[in-house]
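Engineer: Just to be clear, the model below is a prediction. Sequence and coordinates:
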There are 2 protein chains.
Amino acid sequence: MGRRITPMGNTDDRTGQRIVPETTRRAERSPGNRYGNRPTMKDVAARAGVGLKTVSRVVNGEPGVTPDTERRVQEAIDALGFRRNDSARVLRKGRTASIGLVLEDLADPFYGPLSRAVEEVARSHGALLINGSSAEDPERERELALALCARRVDGLVVIPAGSDHRYLEPEIRAGVATVFVDRPAGRIDADVVLSDNFGGARDGVAHLIAHGHRRIGFIGDMPRIHTAAERLRGYRAAMEDAGIPVEDRWMSLGVTVPERVRRATQEMLSGPDPVTAVFTGNNRVTVTVVRVLAEQSRQVALVGFDDFELADLLRPGVTVVAQDAAALGRTAAERLFRQLDGGFVAPERIELPTRLVERGSGELPPAR
Amino acid sequence: MGRRITPMGNTDDRTGQRIVPETTRRAERSPGNRYGNRPTMKDVAARAGVGLKTVSRVVNGEPGVTPDTERRVQEAIDALGFRRNDSARVLRKGRTASIGLVLEDLADPFYGPLSRAVEEVARSHGALLINGSSAEDPERERELALALCARRVDGLVVIPAGSDHRYLEPEIRAGVATVFVDRPAGRIDADVVLSDNFGGARDGVAHLIAHGHRRIGFIGDMPRIHTAAERLRGYRAAMEDAGIPVEDRWMSLGVTVPERVRRATQEMLSGPDPVTAVFTGNNRVTVTVVRVLAEQSRQVALVGFDDFELADLLRPGVTVVAQDAAALGRTAAERLFRQLDGGFVAPERIELPTRLVERGSGELPPAR
DNA sequence: CGCGCACCTGACAACGTTGTCCAGGCTCTA
DNA sequence: TAGAGCCTGGACAACGTTGTCAGGTGCGCG
């Protein structure tokens, strides 16, 4: 491996001087237990010569402590490097001020902004965010969600991988606020925040039809994924509205790995009556299809679901049906805290609109 | 707002039937406290007619329980919907099986894969990941890191925003494993995992020089950010190696918002002796510069630090110095767990190599 | 000067779990 | 059949914090 390793001894960024802190030794962890013998409120109280509860009051900024006492306690805190143990606090108070986010894959550019939006809302409510990726595996989603519940997160934002979420019923009944995003919950009654997948896809396909296309391909994700199914439904609706009978060979659903998408695209583009336009079901598919089309001599129109960075810089620019990932996350998180702050709220299904962004690829006329 | 809201009453994905679960009512939260009156081990024990510790044994799969007793306990658990309270467990055991990640911005495509890699390693060690964005604000980084310590995360992976991390010394001494990624820690002695920013930038600029360029611009992030400073240093080194005196107007450092970058680029490209090539200091800058160059009639060579999706699809393809974000995250997390599993390890600085990916934009000859 | 009141302070229990330790019942052997 | 040893089960304390409540001090007013 090409990595270079040097023994430490940092240099200060600004002065370039070598810094050797007198002691940044890790405390020997006592064998089974204890956080490296951290000081507790008891220790602080002893050192400050006050009672336990007085320390608690100072730490939490509660009233009823004379300035002099407060100063003594604060000095002891600083001297010992005390930091309140929130685990114990949580145990006592019942609220953890943290929420969980179960998503599909943090590395997917669609979920980054969504996750960030959830985090911002959480932050504004003083909560931390614990998140995990389900990798599109229902079992893993379940494990993750339940692990978060065991940590007693106050609420849960879930981007479902599975289609049966009854396993969450006991948790919801026990008071865990829950909101589903991007895809609906399966078999339970809960808040859901979605994009208008059906309408967006229909509009996108209609846009191609309006530019003269009739043989239009659809390449999407596995049909068991709700968004994929909805977008396919939108495609079918647009075609039907235009009175165009859809041929089976124009549709391809399955995993979104490049190889499959590539093959599917090539098949649609070959044969006697090839498609003259393609509608792609998500950003990963779109990117692969753009690559395939770049290799074609013939011009093929393209509209993709999901916006992506640089779509405007390609030639032609890629026309997309854009959904607002950040708005999805924000709306879901706000909904979550509404549940937490206001007690029970009847579950709703919130659908956010999509937006057709014309950049050129969708406005190409049918070739030949 | 264009959102559509419908009262719930889910339909099953597969059957289309309307599902109305008999009761998914949220438990009334008792006023101050309690997790909606969740059952505890005590409740389970009472129902199963066994002792508290026996329940604990069953829940944790400890030996010493007859199959018959185990079955009774398991039934009680299922009937009550019991789930172990990990907060209490943590309090007792001292380890939380969770690690914290403080990064700059989850929505940045560079950090998605990094975060995901950290998560995977954490998962393989049975730990959860709590993360937060510092938004490049040192104070917020500090708050976040300390909040995570208060939750008693076992370890911390930090992408520094600030340049002084002495505030972490008490935590490290108390046993919180800590690894810094992407940028070094300031003023403390800790593990650091970096890309070879200096070498990568030097190689990238040398590549431009090898293709005949002499007037080469550098547009980067704020110089207080370590990576930006290192990359600038690499630029200077390459120029010096080639015996080219660098002019001040060829360099522009500052925030990476599009407006500033755009202006900086335009300035370098105008005037009597404009630059014939540009080296960009990170992916956000690169993208903006690509946009500006696309508007130019003249061809300008470009090499960017950081790879980005679709760089190969642009015309010309964008030549980049690629760093492996996932490898950074993975290496850091592995290092973290090495500390956690193996006790004290002397801090090291690990530097991962970068890779020059030629795609065309860096191989353009100087215009005119 | 004495009483009452306000204001501080601290002892104590409780949160839900796990580690320790002991009791009781069983089996196996001498 | 008695004793030893093993296996199972449960009582109890402890983890570090916060809510409750009662005690103590000092001050003002009658």
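Structural biologist: In hand now; what should we look at? Computed from a predicted structure; not experimentally measured.

Engineer: What is the neighbour count of the residue of the stretch 151-300 of chain A found nearest DNA strand D?
Structural biologist: Here the stretch 151-300 of chain A gets closest to DNA strand D at one residue, residue A:152, 13.3 Å apart by Cβ to the nearest atom of the strand. No exception for glycine: its C-beta is placed from N, CA and C like everyone else's. Counted with other Cβ atoms under 10 Å in any protein chain shown, residues neighbouring residue A:152 total 22.

Engineer: for it, what are its contacts?
Structural biologist: Taking Cβ atoms under 8 Å, 6 or more residues apart in numbering or on different chains, we find residue A:152 in contact with A:90, A:96, B:35, B:85-87.

Engineer: try 6 Å
Structural biologist: Shown in contact with residue A:152 (Cβ atoms under 6 Å, 6 or more residues apart in numbering or on different chains): A:96, B:87.

Engineer: go on, the one 4 residues further on?
Structural biologist: Each residue near residue A:156 by Cβ under 6 Å, 6+ apart is listed here: A:100, A:176, A:178.

Engineer: Could I get the full set of strands for the stretch 1-150 of chain A?
Structural biologist: With DSSP state E, counting those that start in this stretch as the criterion, the stretch 1-150 of chain A has strands at A:4-7, A:98-103, A:128-133.

Engineer: Can I get those in a markdown table including mean pLDDT, mean neighbour count and distance to residue A:333?
Structural biologist: Formatted as a markdown table, the strands of the stretch 1-150 of chain A follow (pLDDT from 0 to 100; neighbours: other Cβ atoms under 10 Å in any protein chain shown; distance: least, Cβ to Cβ, whole Å):
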| stretch | mean pLDDT | mean neighbour count | distance to residue A:333 |
| --- | --- | --- | --- |
| strand A:4-7 | 61 | 10 | 41 |
| strand A:98-103 | 96 | 26 | 8 |
| strand A:128-133 | 93 | 24 | 9 |
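
Engineer: export these to JSON lines and tack on distance to residue A:158?
Structural biologist: Shown next, in JSON lines, are those (distance: least, Cβ to Cβ, whole Å):
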{"stretch": "strand A:4-7", "distance to residue A:158": "41"}
{"stretch": "strand A:98-103", "distance to residue A:158": "5"}
{"stretch": "strand A:128-133", "distance to residue A:158": "11"}
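
Engineer: quick one, which of those strands is nearest to DNA strand C?
Structural biologist: Closest approach to DNA strand C among the strands of the stretch 1-150 of chain A is made by strand A:98-103 (16.7 Å; Cβ to the nearest atom of the strand).

Engineer: Give me the contact list for the closest one.
Structural biologist: Under the criterion Cβ under 6 Å, 6+ apart, residues A:111, A:118, A:122, A:127-132, A:134, A:141, A:144-145, A:148, A:153-159 lie in contact with strand A:98-103.

Engineer: In the sheet, which strands lie alongside it, parallel or antiparallel?
Structural biologist: Sheet pairing of strand A:98-103 (DSSP bridges) gives strand A:128-133 (parallel), strand A:155-158 (parallel).

Engineer: Out of the ones you listed, which gets nearest to residue B:200?
Structural biologist: Smallest distance to residue B:200 across those (Cβ to Cβ): 28.6 Å, for strand A:128-133.

Engineer: Name the surrounding residues that touch that closest one.
Structural biologist: A:98, A:100-102, A:105-106, A:119, A:122, A:144, B:128, B:130.

Engineer: Nearest to residue B:286 among those residues?
Structural biologist: Ranked by distance to residue B:286 (Cβ to Cβ), the contacts of strand A:128-133 are led by residue A:106 at 22.5 Å.

Engineer: For the stretch 251-368 of chain A, give the residue positioned nearest to DNA strand C.
Structural biologist: residue A:340 (18.5 Å).

Engineer: Quick one: the strands in the stretch 251-368 of chain A, in order.
Structural biologist: A:251-253, A:277-280, A:301-305, A:319-322, A:348-352, A:355-357.

Engineer: Based on its surroundings, how many neighbours for the closest residue to residue A:223 other than its chain neighbours?
Structural biologist: Closest residue to residue A:223 apart from its sequence neighbours, by Cβ to Cβ, 6 or more residues apart in numbering or on different chains: residue A:253 at 4.8 Å. By other Cβ under 10 Å, the residues close to residue A:253 number 20.

Engineer: now residue A:253: how far from residue A:289?
Structural biologist: Distance, residue A:253 to residue A:289, by Cβ to Cβ, to the nearest Å: 14 Å.

Engineer: For the residue of the stretch 251-368 of chain A closest to DNA strand C, give its distance to DNA strand D.
Structural biologist: The gap separating residue A:340 from DNA strand D is 17 Å, by Cβ to the nearest atom of the strand, to the nearest Å.

Engineer: And the pLDDT at that residue?
Structural biologist: Confidence at residue A:340, expressed as pLDDT, is 90.

Engineer: hang on, it packs against residue A:177?
Structural biologist: Yes. Counting by Cβ atoms under 6 Å, residue A:340 does reach residue A:177; the two are 5.0 Å apart.

Engineer: can I have stretch A:142-158 written out in PDB, keeping just the CAs?
Structural biologist: Output of stretch A:142-158 as PDB, limited to C-alpha atoms (Å, rounded to 0.1, in the frame of the first residue of the first chain):
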ATOM      1  CA  ARG A 142     -35.400  -3.700  10.900                       C
ATOM      2  CA  GLU A 143     -32.300  -4.400  13.000                       C
ATOM      3  CA  LEU A 144     -31.200  -0.800  12.700                       C
ATOM      4  CA  ALA A 145     -34.600   0.700  13.600                       C
ATOM      5  CA  LEU A 146     -35.000  -1.500  16.600                       C
ATOM      6  CA  ALA A 147     -31.400  -0.900  17.700                       C
ATOM      7  CA  LEU A 148     -32.200   2.800  17.600                       C
ATOM      8  CA  CYS A 149     -35.400   2.200  19.700                       C
ATOM      9  CA  ALA A 150     -33.300   0.300  22.200                       C
ATOM     10  CA  ARG A 151     -31.200   3.400  22.500                       C
ATOM     11  CA  ARG A 152     -34.500   5.100  23.300                       C
ATOM     12  CA  VAL A 153     -34.300   7.700  20.500                       C
ATOM     13  CA  ASP A 154     -37.200  10.000  20.900                       C
ATOM     14  CA  GLY A 155     -38.200   9.600  17.300                       C
ATOM     15  CA  LEU A 156     -37.400   7.800  14.100                       C
ATOM     16  CA  VAL A 157     -37.200   9.000  10.500                       C
ATOM     17  CA  VAL A 158     -37.200   6.000   8.200                       C
END
